[in-house]
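Engineer: quick one, fold the following:
(6 chains)
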Amino acid sequence: MKKINFDKVFSFILVSLLGLFIMKVLYSVAGEEAARFTADHYISYGVDETGAINIITAILFDYRAFDTLGEATVIFTAASVVALLLPRHEASMLKTEFTPVVQQSIAFILPFLWIISIFLISYGHLSPGGGFSGGVIISAMSILIIFTYGYRYMTRRFNVKKLSLIEDIGALAFLTIGLAGIIAGGTFLANSQVGIYPGPPGELLSGGLMPLSNFAVAAKVGTGLSVIFLSLARED
Amino acid sequence: MQLTVLILIVLFCAAISFYRLLSGPHVLDRIAAINAIGIMLLTVLVILGSLYGRALFIDVALVYGVLLFVDVLVMAKYFGSPDKSEEGNQ
Amino acid sequence: MKVKEILSLSLILFIFWLGLTASLEPQELIVGAVISLFAAYFSTQVLLGRGMSWGEGFPPTFRGVLFTFYYFPIYLWYEIKAHLQVIYIILHPRLPMKPGIVKVPTDLDSNYRITGLANSITMTPGTLTVDIDEEEALLYIHWIEVEARDPYEIREALAVPFEKYLRRIHE
Amino acid sequence: MIIQDILAGFLMISGVIFFLTTAIALLRFPDFFSRMHAASKCLVGGGISIIFGLIIQEGISPLSLRLLLLIIFLLITTPVVGHALTRSAYQYGYLGEMVQDDMKDMKTGNDSND
Amino acid sequence: MHLPILLILIPLFTVFSLGLFAFFSKKYIIPLVFTSSLASTAIIFYFIFNRETRLPFSYNLGSWQPDLAINILVDHYTLVIFAAMGLMILLSVIYSLTEITRNKAKFYLLLNVLFVGIAGMVMTADLFNFYVFFEITSISSYALVAYNDKDISLEAAFKYLMLGTVSAVFLLLAIILTYMATGTLNMVLIPERLGNLPVLTRQILIAFYLIGLGVKFAIVPLHTWLPDAYVGVPITYNVLSSALIIKTQFFVLMRILYILFGLNFLQDNMITTILLVWGIFSMLFGHAAAFQQNNLKRLLGYSTIAQMGYVIIAFSLGTPAGIVAGSFHMVNHGIMKGAVFFAAGNLHKAAGSYQLNKMQGLADIMPKTSLIFVLLLLSMVGIPPLSGFASKWLILEAALEAGYLLPGFMIILGSFLSLGYYLSIIINIYTGEKDLSKKSSARAVGLKINEILPAAALTAVCIILGLYPAILTGLIDRAPEFLLEQLNYINIIIGG
Amino acid sequence: MILVFPAIAILISMGIYAVLTQKNMIRIIIGISIVESAIILLLGAISYIPDGVAPILDQPYDTVVDPLPQALGLTAVVINASTTAIMLALVIKLYNRYQTLDIHEIRKLRG
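Structural biologist: Numbering: from 1, shown residues only, chains lettered A, B, ... in the order given. Okay, here's the model as predicted:
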């Protein structure tokens, strides 16, 4: 005999209603076709104003850099919280071992991953990528090391404390870059608007302080995600 | 034009492989299907890059390849330990 | 020795950087040189310890590099040849195959060369390295069409074509 | 110029055939190991053929340099993935039909050691 | 002038450098945190004292023109939260000096992240930036709930996290929809563009904003996380949660509703009426649920839900008097509830538990703390010479003035309900059976000065406010100008 | 563009349905992740403009897609990832304490 679960039926009705409402509001809002003047401004004048070809990086690190600062704070907090909640050897996973074939191949790949990540970071204002993608590649490297050589191997080289230290330094560097705007006579996080060398668009050294803040954010994101991962994945 | 057809065929292959992702009797089958689909989509990205003549798609494809590689390796390691699922159920 | 290793690795990385950026402007070259030195130092000395890194047989000799280029077309030929075989099996209505795992002894000594061999074998269709035994230098290979039962014949068929080149690459 | 086009077209078509065979193999093959044969090599063969075709079409340019890097990257990573996956499957005991299994001895030997 | 951004930067700098300090020497943690909170308080009081000359204040981040990038705004309505922040930041840090024994660096890190989030949420004039600060606040709240590592706190943290994340999704959805409709995220530019949307769409948008923020300020059907989360956490979090976090979420919701959608729209479409009824329901439910509790912290949690009901009622009246009354109650309740929690934490030192039946006869052991506690509880009920009376009287007056008789009656009914359960606590503390064995162990617990000071100071504020409510009303009397009249708010950046 | 909206609505509904009805904590987290992905999908969808190119302007283009939602999406992804990490940490902690992933079971065990 199968009993009807009223909770499930009720949730289903609720959820379908919600879906209908969302559809309704989406269609009605999309029908309006508002003028996106902010985006238009970014597209038309962004390259000249900031010196960065990649408009998304220009938005993330110049127009709306304050958001990025907040986001960096979120990752920072999350990394600290995860390290706080899972302090000692508690969880167990990663029971199998990889063969030397995999280990040797990873050793072969790692230096190239470094180059790729630093390429992404330093070309953040010219090509897709930037601090976040570069940081993700850096954290992917630490994931690879943990998975192929083991948790202990990683912690002998970089434990949570050292990584947090690098993260702190990255975050402070980003704050300092923001303060440079104040020193130059503008407001916080001012970059190209206060005349910090924007450079010719398309060159590596352009976009004012943008490459620097990319590096700071990459250090933060990479080490932050590594800390999160180190804390979540432990071996007995 | 030819490149568009190429993209469509590759996407069709990915769709066929998707069947293995849905039905695969074992989790490793699904991982293999994910790997296959991932590389096919990577190829699509590359073709797109050539189609528009912009190098940025290649960068994206490179990063996508790296992340796919890490993903599949991690999954292979995690699901590789014998009788993992049965331990969890008990 | 150590310095030589780092320098040669950073040269390779610098070439990689050139490929990525595809430009010869001085600022990008300088940045690339600095970064490749840093990456080479960091990944061989800090991230990876002894035995894990680019190991013995490194830096390669000039002949080794030449052989790498010589090896590539041969490898490609093997690959194409065997691809056709697999396509035949796949498209054949009855899937004529006799899969099995066979044991292949090899006389390559270094970890590095064994890895090269294993990856080469994996990349040629019809064979797939499943596991390796380091101590006895054994490769366990899944073969889609087991043609031979005798270990010597198996070795002749699978490993020897690659072994003789791999041995010369890292001398 | 015509040779270039023909070569590129040939490579791309063969790449597509590789991809198609990969997909069909994933669909048809009875056990995991034979599927992995297709999913690790025909797959990368297809990818490389298509990318190589694009390089030939493109000529020497920044784009094709990066494409070359991508090919090398695929050549290095795919066998590693295939190897890791099959080894996991073997440890899991997820085996298909086989005419011969030399690895059985090794596994039991390892287990008794533990 | 970079003062408002410093209010965010100082705690942020503390957050980032705490790790550095903790890595090298743990000695400097406390001085650093103390200095930074002192500096934040000083900035807030600077704004409070110079409000006529310096406000409204706008700050364009990145030196961009105002409509391109993120702006920070400080107006008279912001002072409502500033008043609570100015008192709470320093006192909570002082109280936590002895309460927190393990992982000090991490605790102060989270606390400062919380301050960053609150300051950012209050001041920002950009919707997505608001979402980012909302998440910063939420994440540190989740972590502080789980901080004590007890079973109940972990479970409550998971529950809170689930509800909070789903609500954040709705908030983000609402923000994206607003962007789709208007093409900008700047709260100053949105109002004129949002007016073109169909009415039903705007109503659904309001519903999404309400769900998104309602979980955080514990409006009744979405309140379930709050009582659980209050039980197993440090007192400091209790204080900050009921005095600042919940208030801030409600504060921002009101700003979004009144500025983005406008008073006329809200009143034409019955939204203020719905909010009013909802507030009454929330209040009655909170009081009724508080009756059944036997854990002091849980009871105070339900009481917070009920008191938020009063605030919702006052704000949804839609008149300047209602806004002033609601703001007054927001600040005042923050002060009272904070003090109650501080005092309860002190009582806990003697009783060893928050269960009400274990607190019997505590008045003999801790006469001064018990006196403070009782004074505060009476103030919460609204007994005349104390500040609780003033705020309830203001709300009642505003409700009657606006012609709402039923809500006025409900407020009085609610006060009587709360008198019921608070009286039982008082009787419990003063006349309960005296357990001698407990007393001897309790005497050993001497209270340090930093534990007494916050409760005593806040009680003093409470009494002063009860005698001279004009101190606070004088501070916030211009808040309605910047909430009810959209143009004033918009002109801060665009026009004047 | 118009066709993406039903998918978004269905994904959000599915995720919230999972959150409401599932007992397993991991499944609840998966439900929340589905909802968050739907939001990211929405961000991608609204940035789309027919015939627009990616906003990397190495030369002048006629139509460029809206860059702002993509930047917002990047921020939202990072925030979601952080929240998910904290959730997983809490689940590991709870699992170690109660040896179960069932949320009702945990409530019962605590009493």
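
Engineer: all strands for the stretch 351-496 of chain E, in order.
Structural biologist: Remark: no strands are assigned in the stretch 351-496 of chain E by DSSP state E, counting those that start in this stretch.

Engineer: run through it and note the low-pLDDT ranges.
Structural biologist: E:432-445, E:495-496 (pLDDT under 70).

Engineer: how about the host helix or strand of F:Thr84 and chain B, any contact?
Structural biologist: Assigned by DSSP states H and E, F:Thr84 falls within helix F:67-98. No. Judged by CB under 8 Å from any CB of the partner chain, helix F:67-98 stays clear of chain B, getting no closer than 10.3 Å. The C-beta positions use only the backbone N, C-alpha and C, and glycine is treated the same way.

Engineer: next helix or strand past that helix?
Structural biologist: Next element after helix F:67-98 (DSSP H and E): helix F:103-110.

Engineer: what are the neighbouring residues in contact with E:Gly345?
Structural biologist: E:95, E:99, E:235, E:451 (CB atoms under 8 Å, 6 or more residues apart in numbering or on different chains).

Engineer: could you check how far the second one is from E:Asn450?
Structural biologist: What that stands for is E:Glu99. 9 Å (CB to CB, to the nearest Å).

Engineer: check C:Ile141 too.
Structural biologist: Taking CB to CB, one finds C:Ile141 at 72 Å from E:Asn450.

Engineer: out of these two, which sits in the busier spot?
Structural biologist: Taking neighbours as other CB atoms under 10 Å in any protein chain shown, C:Ile141 and E:Asn450 compare with C:Ile141 leading, 25 against 15.

Engineer: list the contacts of the spatially most central residue of chain D.
Structural biologist: Nearest to the geometric centre of chain D sits D:Lys41, at 2.1 Å (CA atoms, centre = their mean). For D:Lys41, the contact set (CB under 8 Å, 6+ apart) comprises C:79, C:83, C:86, C:122-125, D:78, D:82.

Engineer: how about it, secondary structure?
Structural biologist: helix (DSSP: H, G, I helix; E, B strand; the rest coil).

Engineer: got the confidence number for it?
Structural biologist: On pLDDT, D:Lys41 comes in at 79.

Engineer: which bits of chain C sit near chain B?
Structural biologist: So chain C meets chain B at C:Ala22 (CB under 8 Å from any CB).

Engineer: per-domain residue ranges of chain C.
Structural biologist: By the assignment in automatic domain parsing, chain C contains the domains C:3-52, C:95-169.

Engineer: can you give the distance from the last one to the centre of its chain?
Structural biologist: Chain-centre distance of domain C:95-169: 12 Å, with CA atoms, centre = their mean, to the nearest Å.

Engineer: pLDDT (mean, whole number) over it?
Structural biologist: So the average pLDDT for domain C:95-169 ends up being 76.

Engineer: now check stretch E:124-133, is it near chain F?
Structural biologist: Yes. Judged by CB under 8 Å from any CB, stretch E:124-133 and chain F are in contact via E:128, E:132.

Engineer: for chain D, what's the nearest residue on the stretch 301-450 of chain E?
Structural biologist: Residue nearest to chain D within the stretch 301-450 of chain E (CB to the nearest CB): E:Gly301, separated by 49.1 Å.

Engineer: oops, could you answer that again for chain F instead?
Structural biologist: F:Asp58 (11.3 Å).

Engineer: so is that residue in a helix, a strand, or just coil?
Structural biologist: coil.

Engineer: which single residue in chain B comes nearest to chain F?
Structural biologist: B:Leu56 (5.4 Å).

Engineer: if we can go back for a sec, which among the contacts of E:Gly345 gets closest to chain D?
Structural biologist: E:Glu99 (49.4 Å).

Engineer: what sits against the residue nearest to the spatial centre of chain B?
Structural biologist: Residue closest to the mean C-alpha point of chain B, counted by CA atoms, centre = their mean, is B:Gly38 at 1.8 Å. Each residue near B:Gly38 by CB under 8 Å, 6+ apart is listed here: B:64, B:68, B:72.

Engineer: output the residues you listed as JSON lines; include the columns distance to E:Val340.
Structural biologist: As requested, the contacts of B:Gly38 are exported to JSON lines (distance: CB to CB, whole Å):
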{"residue": "B:Tyr64", "distance to E:Val340": "55"}
{"residue": "B:Leu68", "distance to E:Val340": "55"}
{"residue": "B:Val72", "distance to E:Val340": "56"}
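
Engineer: so where does residue 69 fall, helix or strand?
Structural biologist: Here I'm looking at chain A. With DSSP H and E as criterion, A:Leu69 is part of helix A:65-85.

Engineer: meant chain B actually
Structural biologist: Counting by DSSP H and E, B:Phe69 is part of helix B:56-80.

Engineer: quick one: that helix to chain centroid distance?
Structural biologist: For helix B:56-80, the distance to the chain centre is 8 Å (CA atoms, centre = their mean).

Engineer: buried sites along it?
Structural biologist: Within helix B:56-80, the residues that count as buried by 16 or more other CB atoms under 10 Å in any protein chain shown are B:56-66, B:68-80.

Engineer: and for residue 86, the neighbour number?
Structural biologist: This is for chain A. A:Leu86: 23 neighbours (other CB under 10 Å).

Engineer: actually chain F
Structural biologist: Residues near F:Ile86, counting by other CB under 10 Å: 25.

Engineer: spit out the contact partners of it.
Structural biologist: Per CB under 8 Å, 6+ apart, neighbours of F:Ile86: A:78, A:81-82, A:85, E:139, E:142-143, E:161.

Engineer: nearest to B:Cys13 among these?
Structural biologist: A:Ala78 (38.7 Å; CB to CB).

Engineer: averaged pLDDT, the helix holding B:Phe69. What do you get?
Structural biologist: On average, helix B:56-80 scores 86.
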